[in-house]
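Colleague: need a 3D model of the following:
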Amino acid sequence: MQQIKSRNIKDRIGVNNYYTLISMEYNADPLRPSDITTEVDYNDLDDHIKLVVTQLPVVKFTGRFDYGGLDKQQQLYIMTTLKEDFIVDTQGKNYARYVCRINNLPAINHENVEKAFHHNEDIKMLRRSEVFEVSYEGEEYNIEIIEEDEGTFTSVEYDGNYLMDSKLESEILGYFNKHR
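Modeller: Numbers count the residues shown, from 1 in each chain. Next up is the predicted model:
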């Protein structure tokens, strides 16, 4: 199965271009942009590679490189945080398995990326959640922040149960936001 995917991309972009792209230095299995130590300057790339790179699908970074949601059949992507851009190689996975920062990439801007995501209504974030431990007035609480397409939801837990006191919950969230 992997050979079929590789053969298809090799046919589309050319064998030499394919091997040039996959032989660049990448970080394996990074989680955050701060984990990326490899980088390439777009202006230093061969003109054939520049053309291939600018034709790769652009996806938006959603918090971690291993969150998934990418098409396993599409091996190479440009992923953007809207401040930084990355070349990602999925290697047949549904997440950014190998990542390299690409500097000076033209034609990637906030408006174009947002338009692409708003145009394709089939792309929806399923769910992303984070849990934070907070010590407030000598007690330990867990704050869970869940981000979905419909909005962001926050809950506070104490000793494995949801906190039902909205005033206390508001105080804890205020403390969390102030000291985060």
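Colleague: okay, and for this protein, where does confidence drop off?
Modeller: Using pLDDT under 70 as the threshold, the predicted model of the chain has low-confidence ranges 1-8, 107-128, 147-151.
Colleague: can you give me the strands in it?
Modeller: Chain-ordered strands for the chain, with DSSP state E as the definition, fall at 27-28, 39-41, 58-60, 76-80, 85-89, 98-103, 128-136, 139-148, 151-158, 161-162.
Colleague: which one of these has the most crowded surroundings?
Modeller: For those, ranked by mean neighbour count under the definition mean count of other C-beta atoms under 10 Å, the leader is strand 85-89 at a mean of 23. The C-beta positions use only the backbone N, C-alpha and C, and glycine is treated the same way.
Colleague: my guess is Thr81 contacts Thr62. True?
Modeller: No: counting by C-beta atoms under 8 Å, Thr81 does not reach Thr62; the two are 9.6 Å apart.
Colleague: save the strands of the chain as CSV, and put in distance to Leu21 too.
Modeller: Output for these, formatted as CSV (distance: least, C-beta to C-beta, whole Å):
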stretch, distance to Leu21
strand 27-28, 15
strand 39-41, 10
strand 58-60, 16
strand 76-80, 6
strand 85-89, 7
strand 98-103, 10
strand 128-136, 29
strand 139-148, 32
strand 151-158, 36
strand 161-162, 48
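Colleague: what angle do strand 139-148 and the helix ranked longest in the chain make with each other?
Modeller: Using DSSP state H, we find that the single longest helix of the chain is helix 166-179. With axes from the mean of the first three to the mean of the last three C-alpha atoms, to 10 degrees defining the directions, helix 166-179 sits at 80 degrees from strand 139-148.
Colleague: so which of the strands of the chain is nearest Val52?
Modeller: Distance to Val52, taken as C-beta to C-beta, is lowest for strand 76-80 among the strands of the chain, at 8.4 Å.
Colleague: now do that closest one: distance to the chain's middle.
Modeller: The chain centroid and the centroid of strand 76-80 are separated by 9 Å under C-alpha atoms, centre = their mean, to the nearest Å.
Colleague: domains for this structure, by residue range?
Modeller: Per the record, the chain has its domains at 2-119, 128-179, by automatic domain parsing.
Colleague: chain center to the last one: distance?
Modeller: In other words, domain 128-179. Its chain's average C-alpha position is 24 Å from that of domain 128-179, according to C-alpha atoms, centre = their mean.
Colleague: same check on stretch 10-28?
Modeller: When C-alpha coordinates are averaged (C-alpha atoms, centre = their mean), stretch 10-28 and its chain have centres 21 Å apart.
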